[in-house]
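Engineer: with the sequence up front, the predicted model follows.
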Amino acid sequence: MKGGDFIELTAFLCVTEERSFRRAATRMGMSPSALSHTIRALEQRLGARLLNRTTRSVAPTEAGLKLYSRVRPAIDEINDASKDVGTAQTEPRGLVRINLPRIAARLLLTPMLPDFAVRYPDVRLELVIDDGITDIVREGFDVGIRSGELVQQDMIALRLTPDLRMIVVGSPAYFAKRTVPRHPRELREHRCLAYRWDKSGALQRWEFQGPDGVIVINVDNVITANETDFLLDAARSGFGLANIGENLAAPYINSGELVQVLVDWTKPLAGLHLYYVNKPHMPAALRAFIDAIKSASNAHMHVE
C-alpha cells in the first residue's frame, strides 16, 4: 500500500464515522475542500461511489459500507502495532537477547536476575551461554558480554569487571603423583586439558607473564573440549591441569578440591565488557537491561 492510499482510506473512515466533511476535516487537521478532494481521488481509484452527499448530510453507499467493514479492523490493527512499537521505545517490555560466556552468566547475570524480574516484569531475557566468539549482529543478539580483548572496535563497550586472570589448576590427587610445575615450560611434562573454540577450531593459548614478558606454551593436550565446566570437572577429578578463569576455579580452590600452580606467572586479561551496536532508537527494554547490569556491576564489583 502506498502512503497516499493509506491517507485516502483513513480519510474515508473518518468521514463515514463523522457523517460530516467539516467535522472529519477538523479531526484530521485538514481543510474540508482538501478532504473532499481526497475522497474523490479514492472513489476514482476504486471506480465506485463510496459516499452519498447532500448539502445537509453524508452517508456511505452500499459499496462504502462494505469497504468500511473491511478497512476499519485493518487500520485498527496497524494503529495498534504502531502504538506497541512506540510503547516499546518508552516502556520496558519485550525480548532482549544476550550472548555471553559461562563466567559472565555466573558472575554477573545470576545475581541481578531476581531484582531485574521484579522491576521489569514485562521484559523477557533470552540468554545464550556461549564460551566461543560470536558475531552478535549476524546472530541477532541485542548485546554481548566478552573479555575486552575480544570486543570489536566498532562496538560500544562498557566495562563490567576488573581485569580477569586465567590460572592453572590441578587436583591434590593429580599432584600426589607428579611434580608441581615451577615454570610454564614444565607444563609440557604434564597432562593438560585445553579449551577449543567450537566455531574456529582454534585452541585457547596458554599465556603467562614472566620477567622477560609474555610466554606462550604449546601444551600437550590430553583432552580438548569447548565446555569450560567439563574441563573444570576433569581437573577436579585428577585427570590433568586446566587453564581456567580464576572466578570459576576460586570456589574449588577455597574448598581444597583444586590447587593453583604457577601463581607468579599469571597474566591478567582485560575484564568483561558489555558491548552492543550503537542504535539511534534503543528499545526501552534493552536500555533497562544495560542500566541494570551497569548498576549491579558498580554495586558488587566497584567498577566504573
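Structural biologist: Okay, I see it. If you're wondering where the values come from, they're calculated on a predicted model, not measured in any experiment.
Engineer: domain boundaries for this protein, per the record?
Structural biologist: 3-90, 94-162+270-301, 164-269 (automatic domain parsing).
Engineer: format the ones you listed as JSON lines; extra columns: mean neighbour count and mean pLDDT.
Structural biologist: Heads up, the C-betas are built off the backbone N, CA and C, glycines and all. JSON lines is the format used below for the domains of the chain (neighbours: other C-beta atoms under 10 Å; pLDDT from 0 to 100):
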{"stretch": "domain 3-90", "mean neighbour count": "14", "mean pLDDT": "82"}
{"stretch": "domain 94-162+270-301", "mean neighbour count": "17", "mean pLDDT": "84"}
{"stretch": "domain 164-269", "mean neighbour count": "16", "mean pLDDT": "89"}
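Engineer: quick one: the strands in the stretch 201-304 of the chain?
Structural biologist: Taking DSSP state E, counting those that start in this stretch, the strands of the stretch 201-304 of the chain run over residues 206-210, 213-217, 221-225, 241-245, 259-261, 268-269, 272-276.
Engineer: mind putting those strands in CSV, distance to residue 142 included?
Structural biologist: Output for the strands of the stretch 201-304 of the chain, formatted as CSV (distance: least, C-beta to C-beta, whole Å):
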stretch, distance to residue 142
strand 206-210, 31
strand 213-217, 35
strand 221-225, 29
strand 241-245, 24
strand 259-261, 36
strand 268-269, 25
strand 272-276, 6
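Engineer: how about those, which one is nearest residue 65?
Structural biologist: Closest to residue 65 of the strands of the stretch 201-304 of the chain is strand 272-276 (C-beta to C-beta; 50.4 Å).
Engineer: picking up where we left off before, and the strands of the stretch 201-304 of the chain: which comes nearest residue 172?
Structural biologist: Closest to residue 172 of the strands of the stretch 201-304 of the chain is strand 259-261 (C-beta to C-beta; 6.1 Å).
Engineer: quick one, what contacts the closest residue to residue 180 other than its chain neighbours?
Structural biologist: Sequence neighbours aside, residue 261 is the residue nearest to residue 180 in space, at 5.5 Å (criterion: C-beta to C-beta, 6 or more residues apart in numbering). Going by C-beta atoms under 8 Å, 6 or more residues apart in numbering, residue 261 touches 168-170, 180-181, 241.
Engineer: narrow the residues you listed to those in strands?
Structural biologist: Assigned to strands by DSSP state E, the following of these qualify: 168-170, 241.
Engineer: residue 29: which of those residues is nearest?
Structural biologist: Nearest to residue 29, judged by C-beta to C-beta, of the ones in strands among the contacts of residue 261 is residue 169 at 70.7 Å.
Engineer: which residue packs closest to that closest one, ignoring adjacent ones?
Structural biologist: Ranked by C-beta to C-beta, 6+ apart and with sequence neighbours excluded, the top spatial neighbour of residue 169 is residue 258, at 4.3 Å.
Engineer: look up how far residue 234 lies from the one you found.
Structural biologist: Note on residue 258: its distance to residue 234, by C-beta to C-beta, to the nearest Å, is 11 Å.
Engineer: separation between the residue nearest to residue 169 and residue 175?
Structural biologist: Residue 258 is 10 Å from residue 175, by C-beta to C-beta.
Engineer: intersection of neighbour lists for those two?
Structural biologist: Here residue 258 and residue 175 share no contacting residue, scored by C-beta under 8 Å, 6+ apart.
Engineer: straight-line length of stretch 57-65, end to end?
Structural biologist: Start-to-end span of stretch 57-65 (C-alpha to C-alpha, to the nearest Å) is 16 Å.
Engineer: state the distance from residue 78 to residue 69.
Structural biologist: For residue 78, the distance to residue 69 - C-beta to C-beta - is 16 Å.
Engineer: of all the strands of the stretch 201-304 of the chain, which one is nearest residue 197?
Structural biologist: With C-beta to C-beta as the measure, strand 221-225 is the member of these nearest residue 197 (10.1 Å).
Engineer: in which helix or strand would I find residue 16?
Structural biologist: Secondary structure assigned from DSSP states H and E places residue 16 in helix 3-18.
Engineer: what's the following helix or strand after that helix?
Structural biologist: The helix or strand immediately downstream of helix 3-18 is helix 21-28, counting by DSSP H and E.
Engineer: what sits up against that next one?
Structural biologist: If you take C-beta under 8 Å, 6+ apart as the criterion, helix 21-28 is touched by 10-11, 14-15, 17-18, 31-32, 34-36, 53, 58.
Engineer: any idea how far it is from the chain center?
Structural biologist: Taking C-alpha atoms, centre = their mean, to the nearest Å, one finds helix 21-28 lying 45 Å from the centre of the chain it belongs to.
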